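Asker: Sequence plus the predicted model coming up.
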Amino acid sequence: MITGEWLNPPPAAENDGSDLVVTAGKGSDFWRTTSYGYNRDSGHAFLAPLGPEAAIEVSFIADYDHQFDQAGLLLRLDETTWIKAGAEYCDGELQLGAVVTRDVSDWSSAPVPWTGREVTLRASRSGDAVTIRARAGDDPWHLIRLAPFPADVPATAGPYCCAPERDGLTVRFTRVSIGEPDDALHA
């Protein structure tokens, strides 16, 4: 696990061996304006410094069963510039997606058959971009997003979870690590 600080401490968080078990509070979310018309900066995130040439990996398991239950990783410059990527229960199925926010949020997602499996997200920051990859278990990595992000500025990153519609989403973060960025966008 990383050494960090909570942005919006959750109702419950405890270490269970090397895992971090977090329970999200109802109404927690990260979103800015687009389509929904509101700004939310209330999601629970355990953040550590992430330099301009670095990568973070976050692995987790969750029992999603309510609309917009979500967990993954958050890369944050401030409340108007951030990226969240992870698994989210939406419209009755588990989706893999990313939200990129620079003043307003955008959202990309697609269904994945990963219910009940450990999911790992990787955000690799290099130059003016962040490459986001994901996988379930030891499956091959899938590129899910290449997004712009300000170069050469300090940022923070770490695991996050949100439960916009209900109390009680519990997420088990099994691994969080920071290391070197990816060598290239393509293999």
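Answerer: In hand now; what should we look at? Numbers count the residues shown, from 1 in each chain.
Asker: Check the secondary structure at the residue nearest to the spatial centre of the chain for me.
Answerer: In the chain, the residue lying closest to the centroid (CA atoms, centre = their mean) is Leu73, at 2.3 Å. Classification of Leu73 by DSSP: H, G, I helix; E, B strand; the rest coil places it in strand.
Asker: contacting residues for it?
Answerer: Leu73 makes contact with 56-58, 84-86, 121, 123, 157-160 under the criterion CB atoms under 8 Å, 6 or more residues apart in numbering. All C-beta atoms are positioned from the backbone trio N, CA, C, and that covers glycine.
Asker: does it have beta-bridge partners, and which?
Answerer: With DSSP bridges as the criterion, Leu73 is bridged to Ala85, Pro159.
Asker: Point out where the chain drops to low pLDDT.
Answerer: Within the chain, the segments meeting pLDDT under 70 span 187.
Asker: Can you tell me the element the residue lying closest to Trp141 once chain neighbours are set aside falls in?
Answerer: Nearest residue to Trp141 in three dimensions, chain neighbours excluded: Arg133, at 4.3 Å (CB to CB, 6 or more residues apart in numbering). Element membership for Arg133, per DSSP states H and E: strand 129-136.
Asker: which other helices and strands contact the next helix-or-strand element following that strand?
Answerer: Counting by DSSP H and E, the next helix or strand C-terminal to strand 129-136 is strand 142-148. If you count contacts as 3 or more CB pairs under 8 Å, 6 or more residues apart in numbering; DSSP states H and E, strand 142-148 packs onto strand 81-90, strand 93-102, strand 129-136.
Asker: got a list of what Tyr64 touches?
Answerer: Contacts of Tyr64 by CB under 8 Å, 6+ apart are 70, 87-89, 94, 115, 169.
Asker: Buried by neighbour count, from the residues you listed: which ones?
Answerer: 70, 87-89, 94, 169 (16 or more other CB atoms under 10 Å).
Asker: of all the residues you listed, which comes closest to Asp63?
Answerer: For the buried ones among the contacts of Tyr64, the minimum distance to Asp63 (CB to CB) is 7.8 Å, reached by Leu169.
Asker: Burial-wise, tell me which of the helices and strands packed on strand 142-148 comes out on top.
Answerer: Compared across the helices and strands packed on strand 142-148, strand 81-90 shows the largest average neighbour count, a mean of 24 (mean count of other CB atoms under 10 Å).
Asker: just checking, what packs against that strand?
Answerer: Going by 3+ CB pairs under 8 Å, 6+ apart, strand 81-90 lies up against strand 54-62, strand 70-78, strand 93-102, strand 119-126, strand 129-136, strand 142-148.
Asker: Dump those to TSV, plus distance to Val176.
Answerer: Formatted as TSV, the helices and strands packed on strand 81-90 follow (distance: least, CB to CB, whole Å):
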stretch	distance to Val176
strand 54-62	5
strand 70-78	8
strand 93-102	18
strand 119-126	10
strand 129-136	15
strand 142-148	19
